[in-house]
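**Q** Structural data only, the sequence is not supplied:
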């Protein structure tokens, strides 16, 4: 299913420097004219992240993207990321126009958790509290009791476990297993995975450690268990950035999408960051840790979205109200516990 989606992806054309600068200036003007703000994920192109910063927008993980979009006074939210992020913004701000550079940018976790199959899975286990990762469709969120991001998943599941609740978790089995190990909760897992994080190799990290013996290993827990086991710190994108600041190591091996390197190098300029390998020995590239869907966000389709209101996100009103409940539950919990 996921590979079928990947087959249709095309490489974004290289835009000459002069045209890129013209697009940047046009986007800045359009953001003002449309009363719009740009919200970009850490995994998008560094050029988009820089543009969001320069225009008073937000570069962050999906939890902060959700909060920022909900609380910002702009009438239009432009979400550079993948489709579930745009849907989340629309659910939390139904009165706002939500645009994305492309509606084709999806997520393997979202694709791998169809709402009808997931609903049947939930129906088969009615005694469990349904906790879904943010990387899911609006319809899957509407079926959940809780929505979580990777930055808050441990705290939410630990809380639910303390209340004696058993968990049904979807869709990322690696993150779910990590949460299960860390909290000791009773967790039933959906079988899904991120195509980027699943490719990190424990042996590759061990080999890198021979070259960089003093490097800290920072891992996103969407990675397989043997990779997480090697981590000096496992956590969300925002937690990885914080760990890079806090740890004394001058070198960091990072197992997550390479898009995060823009913010890492900006926030911690005196340290060296090395991408963890995804390729085995003999491969032509050391690491291909880039989400192909995040890479579909670019200056030209961002300008087009603002100019012509293409890529607008719509969520059925009733579905949005139902999905709003577990999302609001997460945001309220985060406000008290993060």
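**A** The structure has been received and is ready for your questions. Small disclaimer: the values here were computed from a predicted structure and weren't measured.
**Q** For the protein, which segments are assigned as strands?
**A** Along the chain, the segments classed as strands by DSSP state E run 36-41, 58-60, 76-80, 97-99, 129-133, 146-148, 167-170, 187-189, 216-219, 233-234, 251-255, 272-275.
**Q** Residue 154 against residue 176, yeah?
**A** No: the pair residue 154 and residue 176 does not pass the contact test of Cβ atoms under 8 Å, sitting 11.4 Å apart. The way it works is simple: take the backbone N, C-alpha and C, and place the C-beta from them, glycine included.
**Q** any idea how far residue 69 is from the spatially most central residue of the chain?
**A** The residue at the geometric middle of the chain, judged as the C-alpha nearest the mean C-alpha position with Cα atoms, centre = their mean, is residue 62 (5.4 Å). Spatial separation of residue 62 from residue 69 under the definition Cβ to Cβ, to the nearest Å is 11 Å.
**Q** Equivalent analysis for residue 164, please.
**A** Per Cβ to Cβ, residue 164 is found 35 Å from residue 69.
**Q** returning to what we had before: can you list the strands of the chain in a markdown table and add mean pLDDT?
**A** As requested, the strands of the chain are exported to a markdown table (pLDDT from 0 to 100):
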| stretch | mean pLDDT |
| --- | --- |
| strand 36-41 | 98 |
| strand 58-60 | 96 |
| strand 76-80 | 98 |
| strand 97-99 | 97 |
| strand 129-133 | 97 |
| strand 146-148 | 97 |
| strand 167-170 | 98 |
| strand 187-189 | 98 |
| strand 216-219 | 98 |
| strand 233-234 | 98 |
| strand 251-255 | 97 |
| strand 272-275 | 95 |
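**Q** Domain map for this structure?
**A** For the chain, the domain assignment from automatic domain parsing gives the residue ranges 2-105+294-315, 109-193, 197-275.
**Q** top helix in the chain by residue count?
**A** Among all segments of the chain classified by DSSP state H, the helix with the greatest residue count is helix 317-337.
**Q** Please name every helix or strand in contact with it.
**A** With contacts defined as 3 or more Cβ pairs under 8 Å, 6 or more residues apart in numbering; DSSP states H and E, the secondary structure elements packing on helix 317-337 are helix 62-71, helix 83-92, helix 138-142, strand 146-148, helix 153-162.
**Q** What's the local residue count around the nearest residue to residue 170 once chain neighbours are set aside?
**A** Counting by Cβ to Cβ, 6 or more residues apart in numbering, residue 170 lies nearest to residue 190, which is 3.5 Å off, once chain neighbours are set aside. Applying the criterion other Cβ atoms under 10 Å, we find 22 residues in the vicinity of residue 190.
**Q** just residue 246 next, same as before
**A** Once other Cβ under 10 Å is used to define contacts, residue 246 is seen to have 10 neighbours.
**Q** and what of the one 5 residues further on?
**A** Using other Cβ under 10 Å, residue 251 has 15 other residues around it.
**Q** Okay, residue 106 and residue 87: tell me how far apart.
**A** 11 Å.
**Q** my bad, residue 307
**A** If you measure residue 307 against residue 87 using Cβ to Cβ, the figure is 22 Å.
**Q** So residue 119 sits against residue 142, correct?
**A** No: contact status for residue 119 versus residue 142: not in contact, 9.4 Å apart, counting by Cβ under 8 Å.
**Q** more crowded one of the two?
**A** Using other Cβ under 10 Å, the more surrounded residue of residue 119 and residue 142 is residue 142, with 25 against 15.
**Q** Might you report the residue contacts of the more buried one?
**A** The neighbourhood of residue 142, defined by Cβ atoms under 8 Å, 6 or more residues apart in numbering, consists of 319, 322-323.
**Q** hmm, which of those residues are the buried ones?
**A** With burial judged by 16 or more other Cβ atoms under 10 Å, the buried subset of these is 319, 322-323.
**Q** from those, which is closest to residue 112?
**A** residue 323 (18.7 Å; Cβ to Cβ).
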